[in-house]
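1. Take a look and give me a structure for this.
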Amino acid sequence: MNLIFRRCGLAKVAGFTLLELIVVLALISFLTASVALSFRAPIQNARIDAAVSSIQSLDRRLRYASIHKNRLEVLLLDLVSSELRTVNSSQAEIRLPKGISISKVYVSRPTEESDRLSISYFPDGSSLSWAMHVSDAGSDFGRWVVVAGRTGQVFMTESEEDVADVFQLLAKRPDTN
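-> Alright, predicted model coming up:
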């Protein structure tokens, strides 16, 4: 009988207290939360990059279609639903991922302020120059996609001032688009 009590006494010494378990669980939850937050920015980057890639692809597709079909193609931008749609035969549509939105658009020729814009792609493959800000609704993080109308060259920037400067220069030169 004495042996049984010694074993029980040793078991109590070798176990963990409730306080120790709570501290360990708190540390594990803190580390888990910090790791989850550290992955937030790369995930936002990847979602915005995917949206930008889709927009670039649609732009290239419209330029190609306008040249090869020798007709006007039109891109419709809906800022409320964050949709990009084409008009005419191709009928392509892009809906940006949930939480990603188009917050602002610049077009090289003045247009009425609206939540729906259209950009024409001419039979020679050119269009008006345009830029749009693609952003994550939950944060201020976003990118500007800028498309040069004549060449179709696409570049990205995070600075709205750069985009505004480009479009101010375009407004001063009426022969460019």
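2. Give me the pLDDT for A26.
-> Note for A26: predicted pLDDT of 93.
3. ok, so what distance separates it from F39?
-> 21 Å (C-beta to C-beta, to the nearest Å). C-beta: built from backbone N, CA, C; applies to glycine.
4. now swap in I102 and tell me
-> 25 Å.
5. try L170
-> Applying C-beta to C-beta to L170 and F39 gives a distance of 39 Å.
6. Which one of those two is surrounded by more residues?
-> When L170 and F39 are compared for neighbours, L170 comes out ahead with 19 against 9, by other C-beta atoms under 10 Å.
7. Report the contact partners of V80.
-> 115-116 (C-beta atoms under 8 Å, 6 or more residues apart in numbering).
8. Doesn't it belong to a helix?
-> No: V80 is assigned coil when assessed by DSSP: H, G, I helix; E, B strand; the rest coil, not a helix.
9. So for it, what pLDDT did the model give?
-> Reported pLDDT for V80: 82.
10. And it, its phi and psi?
-> With angles defined as degrees, to the nearest 10, V80 sits at phi -70, psi -50.
11. any idea how far it lies from G142?
-> For V80, the distance to G142 - C-beta to C-beta - is 17 Å.
12. Make sure S66 is actually in contact with L75.
-> No: S66 lies out of contact with L75 (C-beta atoms under 8 Å); the separation is 10.4 Å.
13. And the residue nearest the centre of the chain, how close does it get to D115?
-> Nearest to the mean C-alpha position of the chain, by C-alpha atoms, centre = their mean, lies I48 at 2.2 Å. Per C-beta to C-beta, I48 is found 21 Å from D115.
14. name the element A164 belongs to?
-> helix 160-172 (DSSP states H and E).
15. residues of that helix that come out buried?
-> 163, 166-167, 170 (16 or more other C-beta atoms under 10 Å).
16. How far does it sit from its chain's centre?
-> Put simply, helix 160-172 sits 22 Å off its chain's centre (C-alpha atoms, centre = their mean, to the nearest Å).
17. what about it, average pLDDT?
-> What helix 160-172 shows for mean pLDDT is 81.
18. And that helix, what does it pack against?
-> strand 100-107, strand 130-136, strand 142-147 (3 or more C-beta pairs under 8 Å, 6 or more residues apart in numbering; DSSP states H and E).
19. can I assume Y64 sits in a strand?
-> No: assigned with three-state DSSP, Y64 falls outside any strand and is helix.
20. ok, which stretches of the protein are helices?
-> In the chain, helices defined by DSSP state H lie at 2-14, 18-38, 40-68, 160-172, listed in chain order.
21. Save the ones you listed as JSON lines, and put in distance to V154 too.
-> Below are these laid out as JSON lines (distance: least, C-beta to C-beta, whole Å):
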{"stretch": "helix 2-14", "distance to V154": "66"}
{"stretch": "helix 18-38", "distance to V154": "30"}
{"stretch": "helix 40-68", "distance to V154": "5"}
{"stretch": "helix 160-172", "distance to V154": "13"}
